[in-house]
Each structure stands twice: as structure tokens, then as C-alpha cells.
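Chemist: Next input, structure requested:
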Amino acid sequence: MRKNLIAAGASIMMMGASSAHAQGIRIAPAGTTPTALGPARNFSGHVAVDIKSAGDSGRHGSVGMVDFAPGARTAWHTHPVGQLLIVTDGQGWVQEDGQPRREIKAGDTVWIEAGVKHWHGAAQANGMRHLAIAYMKDGKSADWKELVSDEQYNAR
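Modeler: Okay, here's the model as predicted:
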């Protein structure tokens, strides 16, 4: 009898835990949000952005899978809490204002400190894809600046 009570109690506890967890997890099925082209005020070249969020995660920060065609890039920008880039495919560049551009490639992870003016994008002859993660501060995850000129992009 005692074994049956313990088993029943364990089952009830597990069911309660299971339903509590299920209520706290939200899944956004693939394709829930359409792919958007990067706006010309923030990107040069062909850039496709897939926002990745579920539930109310978008109020805490932004997560996007970003595809850059060869030569495509972001405008100069900063992030109030910093930005994490995880390069998943291809080859590209990242550049901090006043510093030489640096090569990034599939498998690289890049951290950009809060307030650092920078740009990132594909190399001239290769596309690049990265997951970009930036957290919110005062309702913003990025402060967009001027476009990166061809001269700036091509400078070594």
C-alpha cells in the first residue's frame, strides 16, 4: 500500500511539474515570421533577415538569422548592451570604427562591446550567414548610423 501511495504521489508531482513547464514554454514553429529584406537605410546590398523569437522574447532583445550576399553589409551601428554574432556559414568581415576590418568565417563567435561603433557583412566574393543577438535597453537593441561606403568597405 505504501509503495502505491509513493508511486501515486510521484505521478501527481510529475504531472504538476510537467504542466507547469508546458505553460512556461512557447514554441514558434519554423516559418512563423516571414523573411524580411534588410531596409536600405540599415544595409547595403542584398540582406535577408529571419527574426527568431517566441512568446514575448522580443521584448528582451533581438535575435536574427541574417544572410548577406557577397558584398552586402550593415550600416555603421552600436548596441546599448553589446552584440553577439555566431557565424554559421561563409566568410565575411567585421570592423570597429577606427580599426582595420577583421575576417570572420563559419564557426567564429564575435562579441561586440556596448557602444562600439561597427559594421559587419559578407566578403566581396563570398556570402555569409550569422545569428545576431542583441539585448534591449530602454526599448532599443541597436542605434543605426550612416551606411558604410564602398571606400570604407574595400579598405584594408
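Chemist: in this protein, which spans are strands?
Modeler: Counting by DSSP state E, the chain has strands at residues 36-37, 43-44, 47-51, 61-68, 73-74, 77-78, 83-96, 102-105, 109-112, 118-122, 128-135, 143-144.
Chemist: Is it possible to get JSON lines of the ones you listed that adds distance to R26 and mean pLDDT?
Modeler: For the C-beta atoms, the positions are set from N, CA and C on the backbone; glycine is no exception. JSON lines is the format used below for those (distance: least, CB to CB, whole Å; pLDDT from 0 to 100):
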{"stretch": "strand 36-37", "distance to R26": "21", "mean pLDDT": "94"}
{"stretch": "strand 43-44", "distance to R26": "29", "mean pLDDT": "98"}
{"stretch": "strand 47-51", "distance to R26": "15", "mean pLDDT": "95"}
{"stretch": "strand 61-68", "distance to R26": "14", "mean pLDDT": "93"}
{"stretch": "strand 73-74", "distance to R26": "29", "mean pLDDT": "98"}
{"stretch": "strand 77-78", "distance to R26": "29", "mean pLDDT": "98"}
{"stretch": "strand 83-96", "distance to R26": "22", "mean pLDDT": "98"}
{"stretch": "strand 102-105", "distance to R26": "32", "mean pLDDT": "98"}
{"stretch": "strand 109-112", "distance to R26": "26", "mean pLDDT": "98"}
{"stretch": "strand 118-122", "distance to R26": "30", "mean pLDDT": "98"}
{"stretch": "strand 128-135", "distance to R26": "18", "mean pLDDT": "96"}
{"stretch": "strand 143-144", "distance to R26": "29", "mean pLDDT": "98"}
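Chemist: between those, which gets nearest to I25?
Modeler: Nearest of these to I25, taken as CB to CB: strand 61-68 at 16.5 Å.
Chemist: Which one, of the strands of the chain, ends up nearest to G24?
Modeler: When those are compared for distance to G24 using CB to CB, the nearest one is strand 61-68, at 18.5 Å.
Chemist: want to throw the strands of the chain into CSV with mean neighbour count?
Modeler: Below are those laid out as CSV (neighbours: other CB atoms under 10 Å):
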stretch, mean neighbour count
strand 36-37, 11
strand 43-44, 22
strand 47-51, 18
strand 61-68, 20
strand 73-74, 25
strand 77-78, 20
strand 83-96, 19
strand 102-105, 14
strand 109-112, 14
strand 118-122, 25
strand 128-135, 21
strand 143-144, 14
